[in-house]
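# Structure here, sequence nowhere to be found:
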């Protein structure tokens, strides 16, 4: 049996510099990037200059995390559109290689929770078999 190689899942985290739990999560994101080589995308909801400063303070994120600029939507509407039913931070989700959401989490992100979000994409990934 051969399993088709898929792009790695992405941990997508919604971020605002005014959200204290979000700022605390940056260390966790840096650790999962550094230790696991995880792909991380940080979606900045507001205050892009301040957010860039916060993120660049974490060496692993500065060099290996993708930063998405604020959307045209207001922060709450952007969170609702991403699947956060309450539209409040902190919020994270994992995306498959095709961009489909696999799992989400609202609340403080720990290293174990981040790994579980990424594992949800790997567990639910379709496989291709050859005989």
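Cool, got the structure. Since the model is a prediction, treat every value here as computed from it, not as a measurement. Numbers count the residues shown, from 1 in each chain.
# Around the residue lying closest to residue 75 once chain neighbours are set aside, how many other residues sit close by?
Excluding the flanking residues, the one nearest residue 75 by Cβ to Cβ, 6 or more residues apart in numbering is residue 45, at 3.9 Å. For every residue, glycine as well, the C-beta is placed using N, CA and C. Per other Cβ atoms under 10 Å, the neighbour tally for residue 45 reads 24.
# Please apply the same query to residue 69.
Residue 69 - counted by other Cβ under 10 Å - has 10 other residues nearby.
# What distance do you get for it to residue 117?
Between residue 69 and residue 117 the computed distance is 23 Å (Cβ to Cβ, to the nearest Å).
# Name the spans of the protein whose pLDDT lies under the cut-off.
1-7, 124-131 (pLDDT under 70).
# Which residue ranges of it form strands?
In the chain, the segments counted as strands under DSSP state E are 10-15, 39-44, 66-68, 91-95, 101-106.
# what would those look like in TSV with mean neighbour count and distance to residue 80?
TSV is the format used below for these (neighbours: other Cβ atoms under 10 Å; distance: least, Cβ to Cβ, whole Å):
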stretch	mean neighbour count	distance to residue 80
strand 10-15	24	11
strand 39-44	21	13
strand 66-68	14	17
strand 91-95	25	10
strand 101-106	18	12
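# and those as TSV, adding distance to residue 21?
Supplementary listing: the strands of the chain in TSV, determined by distance: least, Cβ to Cβ, whole Å:
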stretch	distance to residue 21
strand 10-15	10
strand 39-44	14
strand 66-68	19
strand 91-95	10
strand 101-106	10
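# closest to residue 77 out of those?
Among the strands of the chain, the nearest to residue 77 by Cβ to Cβ is strand 10-15 (12.0 Å).
# Distance from stretch 91-103 to the middle of the chain?
Stretch 91-103 sits 8 Å away from the centroid of its parent chain (Cα atoms, centre = their mean, to the nearest Å).
# gap between the closest residue to residue 19 other than its chain neighbours and residue 119?
Of all residues not flanking residue 19 in the chain, residue 89 sits nearest, at 4.4 Å (Cβ to Cβ, 6+ apart). Here the criterion is Cβ to Cβ. By it, residue 89 lies 23 Å from residue 119.
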